[in-house]
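>>> Mind looking at a prediction? Sequence and model below.
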Amino acid sequence: MKINWTYIKGFLLLALVMFLFGFSNERNSAKKIDAIKIEFEEGNNLFMDYQMVNKLLIQNEEQLKNKPKSVIDLHKLEVNILSHPMVAHASVYLTVDGSLKTKIKQRTPIARILTGNKSYYIDSQAKIMPLSKNHSARVLLVSGSVSEEDNSEIHYLVSAILSDDFLRKQIVGIKKTPQNEYILKPRVGEHNIVLGKLNNLLVKFKNLKSFYNKTMGDKTINNYSTLNLKYNNQVVCTKK
């Protein structure tokens, strides 16, 4: 019987590859973590610091450094990181050189709520975000009769302001009244803007910008104490 050396060589080559792969994988699993690397997508640590992240990475109250790769539960570490209220996204993985690397994207605050003795941020997803000892974000301040049930409404209002280049520079504060209406505080001009409820919001802002174009042009903007946008398609002004 003729021996098919081609099949035998192929089988031996496959067995060798599998052996080398298994050997390499075993050695890699036994290799210990020699460094913990943390990277913030924003390029700095802002609301979180590296010590805070290191605490979230601790498994069973033991340091990860010098532990074998095989005992590291990457999924659990990711869950720990994502449980922090400052974190929007996170990935934890092992590198070829023996490092445990964590990449973190922090949440983005768009407004700071100040009501009673409580203060917190609302982020770009309309979720509550706690204040940080490491960094204070320069965002719109919302005060008055605010509760957590107002998050979606405030998010809608703030997002509309931030999406408009003029309003983003002009509006510096928002106050919510007990009647569930909103008053805006401008950067330029010693007046209040009575917005009322948020119905027809974009139309109200269009009328407001038209009024500003005129009064800033003729320099009469400082003649008014109140600009009222509550009424249909008009700006009702109160002079000082």
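That came in fine, so what should we check first?

>>> mind listing what the spatially most central residue of the chain touches?
Closest residue to the average C-alpha location of the chain: R107 at 1.7 Å, with Cα atoms, centre = their mean. By Cβ atoms under 8 Å, 6 or more residues apart in numbering, R107 lies in contact with 47, 85-88, 123-125, 127, 129. All C-beta atoms are positioned from the backbone trio N, CA, C, and that covers glycine.

>>> Pick the one among those residues closest to D218.
Nearest to D218 out of the contacts of R107 is S124 (Cβ to Cβ; 37.7 Å).

>>> I'd guessed the closest one sits against A111; true?
No: applying Cβ atoms under 8 Å as the test, S124 and A111 come out as separate, 9.9 Å apart.

>>> ok, those two, which is more surrounded?
Each of S124 and A111 has its neighbours counted (other Cβ atoms under 10 Å); A111 has more, 28 against 16.

>>> which strands and helices sit next to whichever helix or strand that one is part of?
A111 belongs to strand 109-115 when assigned by DSSP states H and E. Where contact means 3 or more Cβ pairs under 8 Å, 6 or more residues apart in numbering; DSSP states H and E, strand 109-115 is packed against strand 118-123, strand 140-144, helix 151-162.

>>> Export it to CSV, keeping only CA atoms.
The C-alpha trace of strand 109-115 is given here as CSV (Å, rounded to 0.1, in the frame of the first residue of the first chain):
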residue,chain,number,x,y,z
PRO,A,109,-22.9,67.3,31.9
ILE,A,110,-25.0,70.0,30.2
ALA,A,111,-26.6,71.7,33.2
ARG,A,112,-26.1,72.0,37.0
ILE,A,113,-29.2,71.8,39.1
LEU,A,114,-29.4,73.8,42.3
THR,A,115,-32.6,73.3,44.4
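
>>> Strand partners (parallel or antiparallel) of that strand?
Sheet pairing of strand 109-115 (DSSP bridges) gives strand 118-123 (antiparallel), strand 140-144 (parallel).

>>> Give the buried residues for the shortest one.
The neighbour-count criterion (16 or more other Cβ atoms under 10 Å) identifies 140, 142-144 as the buried residues of strand 140-144.

>>> And for the first one?
Residues of strand 118-123 classed as buried under the neighbour-count rule (16+ other Cβ under 10 Å) are 120-123.

>>> got the contact list for the next helix-or-strand element following that strand?
Proceeding N to C from strand 118-123, the next assigned helix or strand is strand 128-129, under DSSP H and E. The contact list for strand 128-129 (Cβ under 8 Å, 6+ apart) reads 85-86, 107, 109, 120-123, 148, 151.

>>> Then stretch 156-170?
110-111, 122, 140, 142, 171, 174, 182, 186-188, 195, 198, 201-202, 205, 208-209, 212.

>>> now, which of those lie within strands?
Those of the contacts of stretch 156-170 mapping onto strands are 110-111, 122, 140, 142, 171, 174, 182, 186, 195, per DSSP state E.
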